[in-house]
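[1] Sequence and predicted structure below; questions after.
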Amino acid sequence: MRVKWARAIVARAAWGILFATPIHTCVANAAAISHWNTDNSGSFETASNWDNGVPGSADTAIFDRGAASYVVQFGTDVTNDRARFASGTVTLQPTGTAGTYVLTSPANSVVADRGLIIATTTGQSAMVNTYLPNLRAQAASVADSAGSTGSLNVLGGTLLIGLGNSTTQVDVGRAGDGTMTVLNGAKVNIFSGSLVVASETGSVGKVEVAGTGSTIVPREGILLIGASGTGTVNVHDGGSITGMSIVSVGGDSGTGEATVTGAGSLISCYGSTSVGNGGTGMLKITNGAQFTTGSAGVGNSGGALLVSGAGSKLTVTTVDLNVGRFGTGIATISDGGQVQSDGGSVGGGVSGTVTVTNVGSLWSSTNTMTVGDSGKMSITAGGQVTNTAGIIGDVNGTRRSGAVIVDGQGSSWTNSGALSIKNRLPDGSTEAANLLISNGGKVSSTTATIGGSISRRGSVIVDGLGSQWLTTGAITNGGTITVRNQGQLSAGGLLTVNSLGLLNGDGSVVGAVKNDGVVSPGNSPGILTISGSYLQSSTGILQIELSGLAAGTQYDRLVVTSDANLGGTLQISLINGFQPTAGDKFDLLDWGTRSNAFSTVQLPTLASGLSWNTASLYVDGSISVVPEPGGFALCVCAIPLLMRLRCGRSY
């Protein structure tokens, strides 16, 4: 076995360490190494329990008794330079009110100089249980070498890391397989330093904090979970980790998972939290637990977030919660879990996916919510999202847009400000629309803008009975709005279909509509109802499709409950191979009142001998099919001739 030491010792030229056969020195006043030399429990202050006398303030204490399990009792306060736990199970226990154990090695930049190391070399396996009122060291390492196994269980009192020097760090699973547990109301304080769980490639680190009052406090420090190895942190049953400036779950090339679960359980960070920040990370907040942080990013490389259960909450206090902004991020808010953030961003990297599902589940943002490039947000089964402005599409417009789905009764996306859909879906996208409101879902905003240029024509579908899109102000549509299957769009201001816009479907629009683009009733075909006024400008086109004689199921109809101010073009087409015959009638338009007329009426070609009759178009909104006038006259004139021929007469 090998132990690497890097410490200058005055008046000592060289020394070696062999745990099985210790080398002693006769140099006066030099630092000494002393081994616990019994498999039995006993007092730290008893000289006979040591092979080189009770270690003093400049000395190193070594515990290496193979598989033995024993208690080391502290009747007074003790100071050593270092402590090394190489094997066995060692329990540190006070016998009275005293029992502070201080390890003064300054650590500096050399890991081997740390005051406390558990399982120092390959093949070693050691466990330390401490009940001491205070166990203090500048830095500590658990499972220090590859192939080692170490455990540090803080079962009472306080483990204090940091003695005022510049380098403070606790590695749990630095290179081997390391575990640290904090139970029974015990505390771990790490001053201005780092708690690193699974530091090096191939390492495994596990930290557990459980029970009311049990806590780890990396004051102004950093918590790295899965830096380069595989790290897990589990805080439950009222335990807590607080006071951090940075939390990284799955940093560098590692894999990290952090779980905080149960009422009263808490992880808090006043700075930034990254889940998947170079590696792969997972953060779980469940069963009423809390996680608070200044800012949060999920998926800077590959990360996932779960907030699940009533009372479970992630609070992001100062900056956005970003999901998939630079990499692949997934966030699920379910079963009554909640997220409160300053703002929200989904997508922008490889992909970002957020699902808010089940009654009571909520993502509440006090600022803008952006679902951008390669981003998707699904609000289902009664989930809710609230924010100020809502944006679907990249903020600067240089990238293709994302998608939002609001599906199911009670599911809602509430924008207290404007909603803007900037870009169309990417080519080949499997999403139905940039915004899909279905099966009773609801979306609300003050105003709304869709698209605005040929390359940025966004889309909205409102689909199904009870599905609603509501605005208190105007909607400008430069993309596509489809209202179908009894879905409803309600606009408090004017809905303008601009020159690039399309409004279609067989649902209803509540409010005033101005058509400068295309309005196409029907869901191939169907009836579009406008509960309000309809103004079609000179550039506007009203498209009507005919495939039979049944209104709504075989041909389109536009119903306007108030004034229909007509202009522009009426464009009628035949679909599905339909060929009208003489006497067919189609009620295309209904209105409360009508003013003006279409500038152009485009009619499809009929079979020979038939023509369109538009005489009633501006009376009751209908057109019909009649025989061509020439053909009708020819038929009338031929009747007497046929009668004479049948009677044997000729002329």
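    Great, that's in hand. Residues are numbered from 1 along each chain as shown.

[2] Look at the residue positioned nearest the centre of the chain and give its secondary structure.
    Centroid-nearest residue in the chain, with Cα atoms, centre = their mean: residue 331, separated by 2.8 Å. State at residue 331, reduced to three classes by DSSP: H, G, I helix; E, B strand; the rest coil: strand.

[3] what are the pairing partners of the strand ranked longest in the chain, and which direction each?
    Counting residues, the longest strand found in the chain (DSSP state E) is strand 60-74. Paired neighbours of strand 60-74 in the sheet (DSSP bridges): strand 33-35 (parallel), strand 42-43 (parallel), strand 82-94 (parallel).

[4] hmm, which helix or strand of the chain has the shakiest average pLDDT?
    Lowest by mean pLDDT, DSSP states H and E among the helices and strands of the chain is helix 629-646, with a mean of 42.

[5] on that earlier part again, indicate which one of the strands paired with strand 60-74 is closest to residue 241.
    strand 82-94 (22.8 Å; Cβ to Cβ). Glycine gets a C-beta too; all of them are placed from N, C-alpha and C.

[6] In PDB, could you pull the C-alpha coordinates for that closest one?
    Taking C-alpha atoms only, strand 82-94 is exported to PDB below (Å, rounded to 0.1, in the frame of the first residue of the first chain):
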ATOM      1  CA  ARG A  82      -3.700  14.700  10.600                       C
ATOM      2  CA  ALA A  83      -5.800  11.600  11.000                       C
ATOM      3  CA  ARG A  84      -5.800   8.700   8.600                       C
ATOM      4  CA  PHE A  85      -8.500   5.900   8.700                       C
ATOM      5  CA  ALA A  86      -7.200   3.100   6.600                       C
ATOM      6  CA  SER A  87      -9.400   0.100   7.600                       C
ATOM      7  CA  GLY A  88     -12.100  -1.100   9.900                       C
ATOM      8  CA  THR A  89     -15.000   0.700  11.500                       C
ATOM      9  CA  VAL A  90     -14.000   3.500  14.000                       C
ATOM     10  CA  THR A  91     -16.600   5.300  16.100                       C
ATOM     11  CA  LEU A  92     -15.500   8.600  17.600                       C
ATOM     12  CA  GLN A  93     -17.400   9.300  20.800                       C
ATOM     13  CA  PRO A  94     -17.200  11.900  23.600                       C
END
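
[7] Check the offset of that strand from the chain's centre.
    How far strand 82-94 lies from its chain's middle: 43 Å, per Cα atoms, centre = their mean, to the nearest Å.

[8] Quick check: buried residues in it?
    82-94 (16 or more other Cβ atoms under 10 Å).

[9] The helix or strand that comes right after it pairs with which strands, parallel or anti?
    The C-terminal neighbour of strand 82-94 among helices and strands, as given by DSSP states H and E, is strand 100-103. Using DSSP bridges, the strands paired with strand 100-103 are strand 78-80 (parallel), strand 134-137 (parallel).

[10] would you list every one of the helices in the stretch 351-500 of the chain?
    Assignment of helices within the stretch 351-500 of the chain using DSSP state H, counting those that start in this stretch yields no ranges at all.

[11] So for the closest residue to residue 403 other than its chain neighbours, what's the pLDDT?
    Using Cβ to Cβ, 6 or more residues apart in numbering and skipping the chain neighbours, the partner closest in space to residue 403 is residue 431 (4.1 Å). Listed pLDDT for residue 431 reads 91.

[12] Begin at 568, not 1, for the rest of this chat.
    Sure, I'll start numbering at 568, so the last one becomes residue 998.

[13] my read: residue 998 touches residue 992, true?
    Yes - contact status for residue 998 versus residue 992: in contact at 5.7 Å, counting by Cβ atoms under 8 Å.

[14] And those two? Which one has more around it.
    residue 992 (20 against 17; other Cβ atoms under 10 Å).

[15] can you tell me which residues contact that one?
    967-968, 970, 998, 1000-1001, 1026 (Cβ atoms under 8 Å, 6 or more residues apart in numbering).

[16] For it, what are phi and psi?
    phi -70, psi 150 (degrees, to the nearest 10).

[17] What of residue 614?
    phi -60, psi -30.

[18] Test my guess that it contacts residue 620.
    Yes - the pair residue 614 / residue 620 is scored as a contact, 5.2 Å apart, by Cβ under 8 Å.

[19] Quick one: low-confidence residue ranges for the chain.
    Within the chain, the ranges that satisfy pLDDT under 70 run 568-597, 675-676, 731-734, 961-967, 1197-1218.

[20] hang on, isn't residue 840 packed against residue 870?
    No - the criterion here is Cβ under 8 Å, and residue 840 misses it with residue 870 at 10.2 Å.

[21] list the residues that contact both of the two?
    Taking Cβ under 8 Å, 6+ apart as the criterion, residue 840 and residue 870 both touch 816, 850, 864.

[22] Derive a PyMOL selection command for the buried subset of those.
    Remark: buried members of these, expressed as a PyMOL selection using 16+ other Cβ under 10 Å:
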select buried, resi 816+850+864
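
[23] Let's have the shared contacts of residue 840 and residue 870 in a markdown table, adding secondary structure.
    What follows is the shared contacts of residue 840 and residue 870, written out as a markdown table (three-state DSSP):
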| residue | secondary structure |
| --- | --- |
| 816 | strand |
| 850 | strand |
| 864 | strand |
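
[24] with the shared contacts of residue 840 and residue 870 in mind, which one is nearest to residue 1032?
    The shortest gap between residue 1032 and any of the shared contacts of residue 840 and residue 870 belongs to residue 850, at 38.2 Å (Cβ to Cβ).

[25] who touches the closest one in this structure?
    816, 824-826, 840, 842, 858, 865, 870-873.

[26] List the ones among those that fall in helices.
    If you go by DSSP state H, the contacts of residue 850 have nothing in helices.

[27] quick one: contacts of the helix or strand encompassing residue 1161?
    Using DSSP H and E, residue 1161 maps to strand 1160-1162. Strand 1160-1162 is contacted from outside by 1129-1133, 1185, using Cβ under 8 Å, 6+ apart.

[28] What separation do you get for residue 797 and residue 843?
    Distance, residue 797 to residue 843, using Cβ to Cβ, to the nearest Å: 14 Å.

[29] what does residue 982 give?
    Distance from residue 982 to residue 843, by Cβ to Cβ: 28 Å.

[30] Neighbour count for those two, which is higher?
    Neighbours around residue 982 and residue 843, counted as other Cβ under 10 Å, are more numerous at residue 843. The numbers are 31 against 24.

[31] Setting the sequence-adjacent residues aside, check what's closest to that one.
    residue 870 (2.5 Å).
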